[in-house]
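**Student:** Structure of the sequence below:
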Amino acid sequence: MSSLDSLKTLKTLAVSGREYHYYSLPDAAKSLGDLGRLPMSLKVLLENLLRWEDGETVSGADLQALADWLKERSSDREIQYRPARVLMQDFTGV
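**Tutor:** Numbering: from 1, shown residues only. I've put the predicted structure just below:
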């Protein structure tokens, strides 16, 4: 998977000789505005959009639309979502 990374948010973290790549929301905030008050669920969606940005199915306008959610607290815009992992709470104790 390669991202367009138009906001230059792809960072590398070196730990014990291994490199890990991640998309920095603080760096995204430099272009998109304050993201600190976004609900955690929307931050997860924003990180997903950053990861899959290709200029076609996920564009800079999609990133900005999600960041602008705080202004209206609603949106009619559809965004792409490609889950890499899903965590679900287990109430059954299994």
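**Student:** can we go C-alpha only for contacts and neighbour counts from here?
**Tutor:** OK.
**Student:** can you give me the helices in the protein?
**Tutor:** 25-32, 40-52, 60-67, 69-72 (DSSP state H).
**Student:** tell me what the first one is packed against?
**Tutor:** The one in question is helix 25-32. On a contact count with 3 or more C-alpha pairs under 8 Å, 6 or more residues apart in numbering; DSSP states H and E, helix 25-32 meets helix 60-67.
**Student:** what comes up buried for the helix it packs on?
**Tutor:** By neighbour count on 16 or more other C-alpha atoms under 10 Å, the buried set for helix 60-67 is 60, 62-63, 65-67.
**Student:** now the nearest residue to Ser6 once chain neighbours are set aside: how far from Leu70?
**Tutor:** Nearest residue to Ser6, sequence neighbours excluded (C-alpha to C-alpha, 6 or more residues apart in numbering): Gly60, at 7.4 Å. Distance, Gly60 to Leu70, by C-alpha to C-alpha, to the nearest Å: 17 Å.
**Student:** returning to what we had before: reformat the helices of the chain as CSV; add distance to Arg82 and mean pLDDT.
**Tutor:** Formatted as CSV, the helices of the chain follow (distance: least, C-alpha to C-alpha, whole Å; pLDDT from 0 to 100):
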stretch, distance to Arg82, mean pLDDT
helix 25-32, 18, 96
helix 40-52, 7, 93
helix 60-67, 14, 92
helix 69-72, 20, 85
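**Student:** Is it possible to get TSV of these that adds distance to Leu10?
**Tutor:** Formatted as TSV, these follow (distance: least, C-alpha to C-alpha, whole Å):
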stretch	distance to Leu10
helix 25-32	9
helix 40-52	8
helix 60-67	15
helix 69-72	23
